[in-house]
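Chemist: Build the 3D model from these lines:
(2 chains, ligands or ions: 4)
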Amino acid sequence: MVKAKINGITVNVPEGTTILEAAEKVQIKIPTLCKHPDLPPTASCGICIVKLVGSNKMLRACCTPIEENMDIITHDPEIVEVRRTVIELILSKHPNECLTCGRNGNCELQKLAEEFGIRTSAFQQFLPDIPPDTSTGTIVLEPRKCISCGRCVTVCQQNQNVWALCFMDRGFGTRISPAGDGVSLSESPCVKCGQCSAHCPTGAIFENDDTAKVWKALQDKDTYCAVQIAPAVRVAIGEAFGYKPGANLTKKIYAALRRMGFNAVFDTNFGADVTIVEEASEFVQRFTETPEKLPLITSCCPSWVDFMEKFHPDMKENFSSCKSPHAIVGVLAKTFFAKKRRIDPANMFVLSVMPCTSKKYEITRSDEMYSSGYQDVDVSITTRELARMIKQAGININDISEEEPDHVLGEYSGAATIFGVTGGVMEAALRTAYDYITGGKLKNVEFENVRGIEGVKEGAIPVNGFTVKVAVAHGLSNVEYVLNKVKEAKRAGKELPYHFIEVMACPGGCIGGGGQPYGITDEIRKKRGEGLYDEDHNCKLRYSHENPFVKKLYEEFLDKPLSEQSHHLLHTTYVKRPEYQK
Amino acid sequence: MEQNTTATGDVSFLVEKWRDKKGSLIMILHEIQNHYGFVPRDISLQLSKLLDVPLARIYEVITFYNYFKLDPPGKYTISVCLGTACYLKGAPEIVDEIKNLLNIEEGQTTEDGLFHLDVVRCLGCCGLAPVMMINGQIYGKVKRSEVVDILSRYKKED
Ligand code: SF4
Ligand code: SF4
Ligand code: SF4
Ligand code: FES
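Modeler: Ligands and ions are numbered 1, 2, ... in the order given. Below you'll find the predicted structure:
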C-alpha cells in the first residue's frame, strides 16, 4: 500500500494506483480528456496535470503512479489556468460546429469548454481540411474534429486487433486514417464494430444517422411499418433518459414505438429464440453426425463474421450458417407475418433497433439478406438514434405506461434475452442442445462459468457421458487465443479443445455495443448484463424451443429446424474477403 | 491523385536479411526507399504479410519519418528556396505560381509524374534570391511571370 496526500487529504491505495484513481477515491475529480477508463493512458492531452507541494513540475495524473508521501495539489488557480490553456489550444484546431455535430450534448470536449467557461477564442483558429469518410455507411469519420487523443487507434488496434485505424503523419498534419493515402474505411479491414465511435470523446467518429429514412417511412400512409428491438437495447437506452444502467425498459419502448406510428412492434428476442433452435440443431447434427465440422462457431455478430471473412477465412466451414436474430425477424415479418395478415411485403418497412453500428452493414451484406424477395430489414438504427427519435417525438418515456409486443414475432424466452451479453448465446444454445441430445432437462440452467467479463471464458458440460467443451470470447483481440488452440489441435491431429465457440466483437457483448449510449465502463457493462440476467431469471420460459410462438412458426410455416424452408429463409453463406481493397 | 504507386518486386530476401534483428522494419523500409525512391503500396502489403505486421503499423512508420515517401518522385524535382532572403524577395509568390500552374501542393508530384515540388530552406546562393532549382539547374532572380516559361522548357523536352 502507498500512503500519500491529495489536497491535504490522506489516501491509502495499492501500489501502482495512478494519481487520477487515487483522487477519485477521495471524491476529487481531476479533469481528463484523452484518458478512457477502458484503455491504457496515451497521455497526449495534458489536461489532467497536477502539482506537488514545493515543486513547480507538473505531473500528468492519468499516467503517473502515486508514490509514498507524495503531497499532491490537484486544483489551484495556476493549475486551472494551465488547464484552460490546454483547452484553448485544442479549440484553436477544432471547428466551432457544436450545433450541427453528431456529439452535440454529449461531447467530452464541449463539456470541458462549458465547465471552464470558455467564452472567447484565445488563439487564432487554424482548421485542418480533411473530408469526412462515410464509405462504410455504419460509422462516419470526421477527422477535422479529431483532437488526436488516440483512443480510437488504441481500441481498434489493441482491443479489437483490426488495425483499420492509425495515425498518419506527425506534428500538425497528424490525422486518423486507414493505412494509405486515399484509402477509405470501407476499403480497409474495418469490421464496423463502432468501438472507435463509442470511445471517441468528440464528434470525430459517430454513427451514420439513418433516422430520416425511418421518419419518412412512418409518414407514408401506404407503408406498413414494423419494428423490432435487440436484447441489449432495453437495458441501456434508459441511460439517455436518466435511468441507471441496466434498467429494463422493454415495455416502455414498445409503447413509445407504437406512439411513433409503428403498425407492428416486434422483438428481436423472438428471432433469437429461432436462431437458437436452428443453431442448437446445427450443433447436435455436427456433434452426432459430422464431428469433423466441429467446433461450431456462433455467427450472430456481423463484425465477428466480417473479421473471420477477412482474417480467418479458413474457419468459414465452422461458422453456424444461421442468420442473426434481427435478420430472422426481418425475413419472417415479410413472409410468415405478411402472409398471415395479408399484407403485401412490397409495402412493408422493417426497422431494427440495435446496440450496434455493424448491423447497418449486415442488412445488405449478401444476397441472403433479401430472401423474402425484398430487403428483409430496411433500416437498422442504433440505441443512440432511437433515444434521439423518442425525444424528437416528444414522448415522455419516464411516465409512459408499459405495453405488450405484437404477435406473432414478439414473445420470447429468457434464453433469448441473454443474447445481448457475452456468454448468453452459448448459454441459450446449450439449454436447448442439451434437451435435444439427452431428451432431458438440465438441473441448473444458469451456466456461471460462461458469464462475466473476462476476455476468454471456458467451460465443460457433461452430456450423455460425453464432455462438451465450450469457449466464449468477446473483444476481438481475445479471439486469436481461442482459434489458435483449435488450429493447433487440428494440425497435430489432437482432440479438439472446444466443440462450441461463441464470439462477440464488442467487449461485454452487445450490451457494450458500438451504438449504445456513451460513457461505457466495465461497471456499466456489468449493470447492463445484470439487467438481462435478471429478466431471464424471472422468465417462466427459459428454453428457446419451448416458446409457443416458435413452435407455431415451425408447425405452420417452416416445418422443422434445418428444413429446406428454414435453410432458404434463415441461413446464409460466407466468403473470403480481402483485408484491403486498395 | 491517380498515380502509378505500384511496383513489382519480391522483398522476401530483405525480410530474410533483417529477420530477428532489432528495428528491422525501419531498416527494410530504408532499403526499399533507396531502391525505388519511394515505398510502393504493393511492397508494403507484401511486407505486412511476410513480417506479420499490420499494414497500419507500416504506414505509421512510413508517414512518421520525412525520409520515406509514398509517391514516386517526379521526373523533374523543383526545389524552391524559402530561406529568409528568398522569402523576402518574393519566393512565396513563386511557390504559389508553381502550385497554380501544376495543380499540386508542396511535397506532391503532378499526375503525369513529370514534376515534383519541394520547398527547401537554403540552396546556398542567397545573392540570387529568389532561387529555384530544377534537377540541379539553378534559376536565380526568378520573377513570377517567368515561371510558366521555365516550366514549359521541361515540358517540351519531355
Ligand atoms: S468500427 Fe471497429 S474496426 Fe472499424 S475502425 Fe472502428 S474500431 Fe476499428
Ligand atoms: S477520432 Fe476521436 S478517439 Fe480518435 S484520436 Fe481523434 S478524438 Fe481521439
Ligand atoms: S457484439 Fe453485438 S453490438 Fe458488437 S458488433 Fe457484434 S452484434 Fe454488434
Ligand atoms: S487525461 Fe491525462 S494526459 Fe490526457
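Chemist: and the closest residue to residue A:403 other than its chain neighbours, what helix or strand is that in?
Modeler: Once flanking residues are discounted, residue A:403 sits nearest to residue A:255: 4.0 Å by Cβ to Cβ, 6 or more residues apart in numbering or on different chains. From N, CA and C alone the C-beta is placed, and that goes for glycine too. Residue A:255 is located in helix A:250-260, with elements delineated by DSSP states H and E.
Chemist: on that earlier part again, what sits against the residue nearest to residue A:403?
Modeler: Each residue near residue A:255 by Cβ atoms under 8 Å, 6 or more residues apart in numbering or on different chains is listed here: A:400-403.
Chemist: what residues are up against residue A:281?
Modeler: Residues A:436, A:561-562 are the ones in contact with residue A:281 under the rule Cβ under 8 Å, 6+ apart.
Chemist: meant to ask about residue A:74, not that
Modeler: Residue A:74 sits in contact with A:6-7, A:19, A:23, A:28, A:30, A:50, A:61, where contact means Cβ under 8 Å, 6+ apart.
Chemist: same check, this time on residue A:100
Modeler: Remark: with contacts taken as Cβ under 8 Å, 6+ apart, residue A:100 is in contact with nothing.
Chemist: change it to 10 Å
Modeler: For residue A:100, the contacting residues are residue A:203, by Cβ atoms under 10 Å, 6 or more residues apart in numbering or on different chains.
Chemist: before we move on, what about residue A:447?
Modeler: The contact partners of residue A:447, taken as Cβ under 10 Å, 6+ apart, are A:423-424, A:426-428, A:430-431, A:457, A:459, A:461, A:470, A:472.
Chemist: Tell me the gap between the helix holding residue A:255 and the middle of its chain.
Modeler: The gap between the average C-alpha position of helix A:250-260 and the chain average comes to 22 Å, counting by Cα atoms, centre = their mean, to the nearest Å.
Chemist: pLDDT of it, averaged?
Modeler: Computed over helix A:250-260, the mean pLDDT rounds to 98.
Chemist: List the buried residues in that helix.
Modeler: A:250, A:252-258, A:260 (16 or more other Cβ atoms under 10 Å in any protein chain shown).
Chemist: Tell me what residue A:463 is bridged to.
Modeler: For residue A:463, the beta-bridge partners are residue A:466 (DSSP bridges).
Chemist: mind checking how far it is from residue B:101?
Modeler: Between residue A:463 and residue B:101 the distance, using Cβ to Cβ, to the nearest Å, works out to 77 Å.
Chemist: And for residue A:284?
Modeler: Here the criterion is Cβ to Cβ. By it, residue A:284 lies 72 Å from residue B:101.
Chemist: now residue A:78
Modeler: Counting by Cβ to Cβ, the separation of residue A:78 from residue B:101 is 53 Å.
Chemist: Over to residue A:474?
Modeler: According to Cβ to Cβ, residue A:474 stands 56 Å off from residue B:101.
Chemist: neighbour count winner among the two?
Modeler: Just comparing residue A:474 and residue B:101: by other Cβ atoms under 10 Å in any protein chain shown the higher neighbour count belongs to residue A:474, 28 against 14.
Chemist: correct me, but the more buried one touches residue A:529?
Modeler: No: in this structure residue A:474 lies outside contact range of residue A:529 using Cβ atoms under 10 Å: 11.0 Å.
Chemist: Look up the residues that both of those two are in contact with.
Modeler: In contact with both residue A:474 and residue A:529: A:421-423, A:453, A:508-509, A:512, using Cβ under 10 Å, 6+ apart.
Chemist: Enumerate the residues of chain B near ligand 2.
Modeler: Proximity of chain B to ligand 2 is not found for any residue under the rule Cβ under 6 Å from any ligand atom.
Chemist: so what's residue A:517 up against?
Modeler: Taking Cβ under 10 Å, 6+ apart as the contact definition, residue A:517 lies against A:106, A:198, A:236-241, A:245, A:355, A:382-384, A:387, A:524, A:528.
Chemist: cutoff 7 Å now
Modeler: Counting by Cβ atoms under 7 Å, 6 or more residues apart in numbering or on different chains, residue A:517 touches A:236, A:239-240, A:383-384, A:387.
Chemist: Tell me which helix or strand the nearest residue to residue A:29 once chain neighbours are set aside sits in.
Modeler: The shortest distance from residue A:29 to any residue other than its chain neighbours is 7.3 Å, reached at residue A:23 (Cβ to Cβ, 6+ apart). Mapping residue A:23 onto the secondary structure by DSSP H and E places it in helix A:19-25.
Chemist: before we move on, what about residue A:560?
Modeler: Assignment of secondary structure by DSSP H and E places residue A:560 within no helix or strand.
Chemist: still on that earlier bit, would you mind giving the contacts of residue A:255 as CSV with pLDDT added?
Modeler: Compiled in CSV, those are given as follows (pLDDT from 0 to 100):
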residue, pLDDT
A:400, 97
A:401, 97
A:402, 97
A:403, 97
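Chemist: circling back: got a PyMOL select line for the buried ones in the contacts of residue A:74?
Modeler: For anyone working in PyMOL, the buried entries among the contacts of residue A:74, judged by 16+ other Cβ under 10 Å, can be selected with:
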select buried, chain A and resi 6+19+23+28+30+50+61
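Chemist: So which of the contacts of residue A:74 belong to helices?
Modeler: Among these, the members found in helices (DSSP state H) are A:19, A:23.
Chemist: I'd like the contacts of residue A:74 laid out as TSV, including pLDDT.
Modeler: Supplementary listing: the contacts of residue A:74 in TSV, determined by pLDDT from 0 to 100:
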residue	pLDDT
A:6	97
A:7	97
A:19	97
A:23	97
A:28	97
A:30	97
A:50	97
A:61	97
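Chemist: which among the contacts of residue A:74 are in contact with ligand 4?
Modeler: Among these, not one lies near ligand 4 by Cβ under 6 Å from any ligand atom.
Chemist: In strands, which of the contacts of residue A:74 fall?
Modeler: For the contacts of residue A:74, membership in strands holds for A:6, A:50, with DSSP state E as the criterion.
Chemist: Need the max-distance pair from the contacts of residue A:74.
Modeler: A:7 and A:61 (12.2 Å; Cβ to Cβ).
Chemist: center of the chain, which residue is that?
Modeler: Let's take chain A. residue A:513 (1.1 Å; Cα atoms, centre = their mean).
Chemist: hmm, I had chain B in mind actually
Modeler: Nearest to the mean C-alpha position of chain B, counting by Cα atoms, centre = their mean, stands residue B:73 at 4.8 Å.
Chemist: quick one: that one from ligand 3, how far?
Modeler: Distance check for residue B:73 against ligand 3: by Cβ to the nearest ligand atom, to the nearest Å, it reads 43 Å.
Chemist: domain ranges for chain B?
Modeler: Residue ranges for the structural domains of chain B, counted by automatic domain parsing, are given in the record as B:8-64, B:76-157.
Chemist: Briefly note if the last one comes near chain A.
Modeler: No: counting by Cβ under 7 Å from any Cβ of the partner chain, chain A is not contacted by domain B:76-157; separation bottoms out at 10.1 Å.
Chemist: How many residues are close by residue A:158?
Modeler: 13.
Chemist: Can you give me every residue that contacts the nearest residue to it once chain neighbours are set aside?
Modeler: In space, not counting the residues next to it along the chain, residue A:158 is nearest to residue A:477; the distance is 6.5 Å by Cβ to Cβ, 6+ apart. With contacts taken as Cβ under 7 Å, 6+ apart, residue A:477 has the following neighbours: A:158-161.
Chemist: Looking at the residues you listed, which is nearest chain B?
Modeler: residue A:161 (8.8 Å; Cβ to the nearest Cβ).
Chemist: Residue A:581 is in contact with residue A:189, correct?
Modeler: No: Residue A:189 lies out of contact with residue A:581 (Cβ atoms under 7 Å); the separation is 9.9 Å.
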